[in-house]
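[1] sequence and predicted structure below; questions after.
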Amino acid sequence: MAGQLGKNTVTVGLGAAYLPSYEGSKDYQFSPAPAALAYIDGHTITYIGNRLSVDLIGDKANRDWDIQAGPIGVVNLDRTTTSGIDDPRVRALGKIGAAVELGGYVGIGKIGVVTSPYDRLSVSVSYRHDVTGVHDSGIWQPSVNYFTPLSTKAAVGLFATAEHVGRGYARRYFSITPDQSAASGLPVYNARSGWKDWSVGGLATYSITGNLLKGWKVVGGLTYGRMVNDFGDSPIVSQAGSRSQWLSALGLAYTF
């Protein structure tokens, strides 16, 4: 966020997220939502929840365009525990180990698009692959993001994204084996690779001390997602869960 204003800043924050108890669930739970954003000499480091990315290409050479590329890592904790899952059928499917997904991303952003010299529209695509053997497959994720400051104290952002996952991911998280069917009562199901979901959302921040470049601020966000194709049709979603997925978060952050 602060990078849009051209200053070196570091922002750290902590909040609470209200999100599905597993991917595709109709039941929700609260979870801690840590985050950090560093913008240093044109390079951006972003940490949100279970995701970390680093933009290795500085954007100071040309302030009108922001070329982005760098590594990305995600720790997939979906169904690593069954204690927070309300549906007994999904609990009976058993736990899944944590998957570490590593890869990279590329993107391009245009600065000064609509509302001010500091707003930015960007598009990117990332690829990551499980290196722990939990699902042993890849995930493609295209994204579109728009950010604009409304004043020295307030800013908003909008985004849209989708995920295309491999066969191993579909099998691990959305298929049901005969043994799992016998234990849970859900029918046997074989999910195939493909587009898993899409989501749109927005965030807003307001400074309560200082401005966007320094001090305390309130940050909030809301996302709507939709499970599609074999993933939305999986009994884990269509019978025990919901194709519609909401995520909301609210917290405090400090920029210095």
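    Received it, and whenever you're ready, just let me know what you need.

[2] run through this structure and note the low-pLDDT ranges.
    Applying pLDDT under 70 to the chain picks out residues 1-6, 59-63.

[3] hmm, 50 instead?
    The model of the chain has pLDDT under 50 over residues 1-4.

[4] the strands in it, which residues?
    9-20, 28-40, 43-48, 51-54, 65-76, 99-111, 120-130, 138-149, 154-165, 194-207, 215-227, 244-255 (DSSP state E).

[5] got those as CSV, with distance to Tyr173 columns?
    Quick note: C-beta positions are derived from backbone N, CA and C, even for glycine. Output for these, formatted as CSV (distance: least, Cβ to Cβ, whole Å):
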stretch, distance to Tyr173
strand 9-20, 13
strand 28-40, 18
strand 43-48, 21
strand 51-54, 17
strand 65-76, 9
strand 99-111, 9
strand 120-130, 11
strand 138-149, 11
strand 154-165, 8
strand 194-207, 9
strand 215-227, 11
strand 244-255, 14
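
[6] dump those strands into TSV; add distance to Asp179 and mean neighbour count as well.
    Output for these, formatted as TSV (distance: least, Cβ to Cβ, whole Å; neighbours: other Cβ atoms under 10 Å):
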stretch	distance to Asp179	mean neighbour count
strand 9-20	25	17
strand 28-40	27	16
strand 43-48	36	18
strand 51-54	33	17
strand 65-76	23	18
strand 99-111	21	18
strand 120-130	23	19
strand 138-149	26	18
strand 154-165	23	18
strand 194-207	24	17
strand 215-227	24	18
strand 244-255	27	18
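
[7] quote the end-to-end distance of stretch 113-133.
    Stretch 113-133 has an end-to-end distance of 43 Å (criterion: Cα to Cα, to the nearest Å).

[8] now swap in stretch 113-132 and tell me
    41 Å.

[9] same question for stretch 78-95.
    9 Å.

[10] what do you get for stretch 142-156?
    Termini of stretch 142-156 sit 21 Å apart (Cα to Cα).

[11] contacts for that stretch next, please.
    If you take Cβ atoms under 8 Å, 6 or more residues apart in numbering as the criterion, stretch 142-156 is touched by 1, 4-5, 107, 109, 113-116, 118-126, 157-162, 202-207, 211-212.

[12] residue contacts, the closest residue to Gly97 other than its chain neighbours?
    Leaving aside its chain neighbours, Gly97 sits nearest to Val134 (4.8 Å; criterion: Cβ to Cβ, 6 or more residues apart in numbering). Under the criterion of Cβ under 8 Å, 6+ apart, the neighbours of Val134 are Asn76, Ile96, Gly97, Ala98, Ala99, Arg172.

[13] distance of the fourth one from Val134?
    Just to be clear, that refers to Ala98. 7 Å (Cβ to Cβ, to the nearest Å).

[14] mutual contacts of these two, please.
    Asn76.

[15] and the gap between the residue nearest to Gly97 and Val228?
    Counting by Cβ to Cβ - Val134 and Val228 are separated by 23 Å.

[16] list the contacts for Ser238?
    Taking Cβ under 8 Å, 6+ apart as the test, what Ser238 contacts is Gly232.

[17] that one and Ile176, how far apart?
    12 Å.

[18] and Arg51, what are its bridge partners?
    Ile48, Val74 (DSSP bridges).

[19] would you mind confirming that it makes contact with Pro71?
    No - checked against Cβ atoms under 8 Å, the pair Arg51 and Pro71 is beyond contact range at 11.5 Å.

[20] could I get the contacts of Val134 as JSON lines with distance to Leu247?
    Shown next, in JSON lines, are these (distance: Cβ to Cβ, whole Å):
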{"residue": "Asn76", "distance to Leu247": "15"}
{"residue": "Ile96", "distance to Leu247": "20"}
{"residue": "Gly97", "distance to Leu247": "23"}
{"residue": "Ala98", "distance to Leu247": "20"}
{"residue": "Ala99", "distance to Leu247": "19"}
{"residue": "Arg172", "distance to Leu247": "22"}
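
[21] and which of those is nearest to Val10?
    Asn76 (26.8 Å; Cβ to Cβ).
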